[in-house]
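Novice: need a structure here:
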Amino acid sequence: MSPVGPESTVELMAVGAHPDDVELSCGGTLALAASRGRRVGIVHLTRGEAGTRGSAEERAAEARCAADALGAASLDVLDCGDGHLRTGRAEEDALIEVIRRRRPEVILGPPPRDRHPDHRRAHNLLEAAAFYAGLTGRTLPGDAAGLAPHRPGAVFYYMQHNSFDPTFVVDVGDAWEAKKHALACYGSQLQVPGDWGEEGGDEPPRDEPITKVATPEFSLAMEGRMRHFGLLIGAALGEPFGSKLPLAVGDPLDVLPGGVR
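Specialist: Residues are numbered from 1 along each chain as shown. As a prediction, the model looks like this:
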């Protein structure tokens, strides 16, 4: 799939195993950054072709709709194998190419432990590719051979099914409307409340099996999680992230939680 915008670099990139992973887990953070003038990019490692609901073609259109809703400057979709996500040399090369072409400073990706095996594999693939992308001796085949090495400054992981104690939480209250509209794009996957966006809520039932993410309870739980982590930082809504390394803080006063004390 070609990118949403022209070939360009981004400052913040989010990588997910399947179309809708990024939007569910860190869509608010992406929309917030885009609204502040940051260039953000989205990478789906698979086309979602093995999903219980929706076709790869339908999910491609949904992914583009969601990227537009979040204000993404780029959208890249790889073919690493939905339902059996591969993590070999070819898949590393494909992701390294995107990292070298987009040159993000920060990447947001799947957590190291999660219910879905593809999410765990995606974490390992991203961790390897983000490191190898900075090695001069790691060459790529074909047209990508001329891309200069680039290693992002940080790779943080977002929360999916399994909870963890976050390293930091982003206040995404101002980006909630954009995130709702992005999630409403995924009509084949999610059953979202009717007030979340024009694309969702009132569609007739699909003649497909109901999955966990396709229940209204899932969407409500996702919002509830955001409200829970928002409360911890004195905000209405928050998206949690983890880091394997400690964060550099220049002034502790800059990271004071807000809200009522």
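
Novice: C-alpha from now on. contacts and neighbour counts both.
Specialist: Fine.

Novice: pLDDT of the host helix or strand of L32, averaged?
Specialist: Secondary structure assigned from DSSP states H and E places L32 in helix 21-35. Averaged over helix 21-35, pLDDT sits at 97.

Novice: Show the subsequent helix or strand relative to that helix.
Specialist: Beyond helix 21-35 toward the C-terminal end (DSSP H and E), the next one is strand 40-44.

Novice: need the next SSE after that next one, C-terminal direction.
Specialist: Scanning forward in sequence from strand 40-44 by DSSP H and E, the next helix or strand is helix 56-70.

Novice: Relative to P152, how far out is I99?
Specialist: Computed as C-alpha to C-alpha, to the nearest Å, the I99 to P152 distance reads 8 Å.

Novice: next one: F164
Specialist: With distances taken as C-alpha to C-alpha, F164 is found 24 Å from P152.

Novice: what about those two, which has more around it?
Specialist: Legend: neighbour count by other C-alpha atoms under 10 Å for F164 and P152, higher for P152 (19 against 14).

Novice: show me what contacts that one?
Specialist: Residues in contact with P152 (C-alpha atoms under 8 Å, 6 or more residues apart in numbering) are R103, P104, E105, V106, I107, A130.

Novice: where exactly do the helices run in the stretch 51-200 of the chain?
Specialist: 56-70, 89-102, 117-132, 176-184 (DSSP state H, counting those that start in this stretch).

Novice: what sits up against the helix holding L32?
Specialist: So helix 21-35 is contacted by 12, 14-16, 39-40, 42, 66, 70-72, 108-109, 158-160, 170-176, 178-179, 182-183, 222, 239 (C-alpha under 8 Å, 6+ apart).

Novice: If we use 6 Å, what do you get?
Specialist: Applying C-alpha atoms under 6 Å, 6 or more residues apart in numbering, the set of residues contacting helix 21-35 from outside is G16, L70, G71, V172, A175, K179.

Novice: Over to stretch 40-51?
Specialist: 10-19, 56, 72-83.

Novice: could you flag which of those are buried?
Specialist: Neighbour counting by 16 or more other C-alpha atoms under 10 Å classes 10-19, 56, 72-78, 80-83 among the contacts of stretch 40-51 as buried.

Novice: that older thread, take the helices of the stretch 51-200 of the chain and lay them out in JSON lines including mean pLDDT and distance to K212.
Specialist: Output for the helices of the stretch 51-200 of the chain, formatted as JSON lines (pLDDT from 0 to 100; distance: least, C-alpha to C-alpha, whole Å):
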{"stretch": "helix 56-70", "mean pLDDT": "93", "distance to K212": "17"}
{"stretch": "helix 89-102", "mean pLDDT": "98", "distance to K212": "28"}
{"stretch": "helix 117-132", "mean pLDDT": "98", "distance to K212": "16"}
{"stretch": "helix 176-184", "mean pLDDT": "94", "distance to K212": "15"}
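
Novice: The stretch 101-250 of the chain: strands as residue ranges?
Specialist: All strands of the stretch 101-250 of the chain, identified by DSSP state E, counting those that start in this stretch, fall at 106-109, 154-158, 168-171, 238-242.
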